[in-house]
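Chemist: Coordinates for the following, if possible.
(one chain, ligands or ions: 1)
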Amino acid sequence: MEALRKELETLQAEALELVKKSVDAAQLEKVRVSFLGRKARLTAILRQLPTVPPEERPVVGQLANTVKRAIEEGIEARRAALGSIPSDEILRKDQIDVTLPGRRPSLGRLHPLTQIIREICGVFVEMGFAVMEGPEVEWDYYNFEALNIPEDHPARDMWDTFWIDPASARTSTPMLLRTHTSPMQIRIMEQTRPPVRVVVPGKCYRYEAVDASHESQFDQVEGLAVDEQITFADLKGTLHTFARRLFGKDRKTRFRCDYFPFVEPGVDMSIDCFLCKGTGCRLCKDTGWLEILGAGMVHPNVLARVGYDPARYTGFAFGLGPARVAMLKYGIEDIRFFHGNDLRFLRQFP
Ligand code: DAH
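Modeler: Okay, the predicted model is just below:
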């Protein structure tokens, strides 16, 4: 009896030791078969039970069962532990070479139009202008009426308009997609008293045939300065400074008469062609000059409309297209590149 008990205890210790050393499910299974299987040592011991004296049988039987359960539990626990450890095979497949260089995340960048808009606004901010934005869906009143363009005035033909509801074009307060950023002149003046110095970047829309220099959605930057004693000299000085900041410090500027209903006098400003230095080339179409913006002294009617006394206040306004500025500056030949979603184009503007 004592010998049998010893044997069972050694058996349990041996089994648990082997269980502990097993490194995968296959080894564990071998241990199970050799200790608990049909030809296993424990089974052999249990088979000897009938030879044990009857009064000792329950004790030996119980001990044998305890050993059996201990081994089973040991195997189960080891199996669970092994399950959470990846097998050698998985580890081999999942190997990573930590000495390889990392993969650089590809960083985005600002769209060239965003860059040029920020650059343009930045120049005016340095000259004391604030930056504001306004609605792209606009009332006829702000887009035309208050800008001194009455209904049925031929000047309306200068802007091919997208009406929100075509029928509304005939009502008293039609809604439209703004055709320029100029309506913000009115909105700003309605809300503030002079001095006003502000630039307004934003999207505009026109019912246009799309070609190399026209899109039906485009950007503008509007400028407005109103105060006492603002003169055409301020307009020239400000825009001349702007032109030199953007296109080089030697730029010459040229102002010629132009018509915009909301200014008087109205002008367009050109810079001397920086490519040929004014001698004539393909960029300036042999004129030596590049038109870059429209401007003028704010019309007294416009000032009066927002309750500014035109006898006391004067101001200048201007409007320009950043796409055109960028096209000239970077020699881009087709405006459609900007929205062409072609990385070969976009990557040229770091
Ligand atoms: N709004 C004009 C256009 O889209 C551009 C413009 C011209 C704006 C003269 C102005 C200005 O503020 O004074 O054609």
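Chemist: make it CA atoms for all contacts and neighbour counts henceforth
Modeler: Will do.
Chemist: Show me the strands in the chain, by range?
Modeler: In the chain, the strands defined using DSSP state E lie at 130-131, 137-139, 175-177, 196-205, 217-228, 253-258, 263-272, 289-298, 313-320.
Chemist: What mean pLDDT does the longest one get?
Modeler: Translated: strand 217-228. Averaged across strand 217-228, the pLDDT comes to 98.
Chemist: same check, this time on the fourth one
Modeler: Taken as a whole, strand 196-205 carries a mean pLDDT of 98.
Chemist: Can you pull out the low-pLDDT segments for the stretch 101-250 of the chain?
Modeler: Across the stretch 101-250 of the chain, the ranges flagged by pLDDT under 70 are 166-172.
Chemist: Near the ligand, which residues of it are found?
Modeler: Selection of the stretch 101-250 of the chain residues close to the ligand by Cα under 6 Å from any ligand atom yields 180, 182, 222.
Chemist: Out of those, give me the one that has the most neighbours.
Modeler: Within those, neighbour counts (other Cα atoms under 10 Å) peak at residue 222, which reaches 28 neighbours.
Chemist: mind checking how far the closest residue to the ligand within the stretch 101-250 of the chain is from residue 97?
Modeler: Sorted by distance to the ligand under Cα to the nearest ligand atom, the residues of the stretch 101-250 of the chain start with residue 180, at 4.5 Å. Residue 180 is 57 Å from residue 97, where distance means Cα to Cα, to the nearest Å.
Chemist: hmm, back to that, please produce JSON lines containing the strands of the chain, extended by distance to residue 20.
Modeler: Formatted as JSON lines, these follow (distance: least, Cα to Cα, whole Å):
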{"stretch": "strand 130-131", "distance to residue 20": "74"}
{"stretch": "strand 137-139", "distance to residue 20": "76"}
{"stretch": "strand 175-177", "distance to residue 20": "78"}
{"stretch": "strand 196-205", "distance to residue 20": "73"}
{"stretch": "strand 217-228", "distance to residue 20": "74"}
{"stretch": "strand 253-258", "distance to residue 20": "89"}
{"stretch": "strand 263-272", "distance to residue 20": "86"}
{"stretch": "strand 289-298", "distance to residue 20": "83"}
{"stretch": "strand 313-320", "distance to residue 20": "80"}
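Chemist: unless I'm mixing things up, residue 319 is touching residue 239, no?
Modeler: No: taking Cα atoms under 8 Å as the definition, residue 319 is not a contact partner of residue 239, at 10.8 Å.
Chemist: more neighbours, those two?
Modeler: residue 319 (22 against 18).
Chemist: Quick check: beta-bridge partners of that one?
Modeler: When assigned by DSSP bridges, residue 319 has beta-bridge partners residue 222, residue 294.
Chemist: just residue 258 next, same as before
Modeler: Beta-bridge partners of residue 258, as defined by DSSP bridges: residue 266.
Chemist: Looks like residue 325 contacts residue 292 (just checking).
Modeler: Yes: using Cα under 8 Å, residue 325 is in contact with residue 292, at 6.7 Å.
Chemist: the more surrounded of those two?
Modeler: More crowded of residue 325 and residue 292, by other Cα under 10 Å: residue 325, with 22 against 18.
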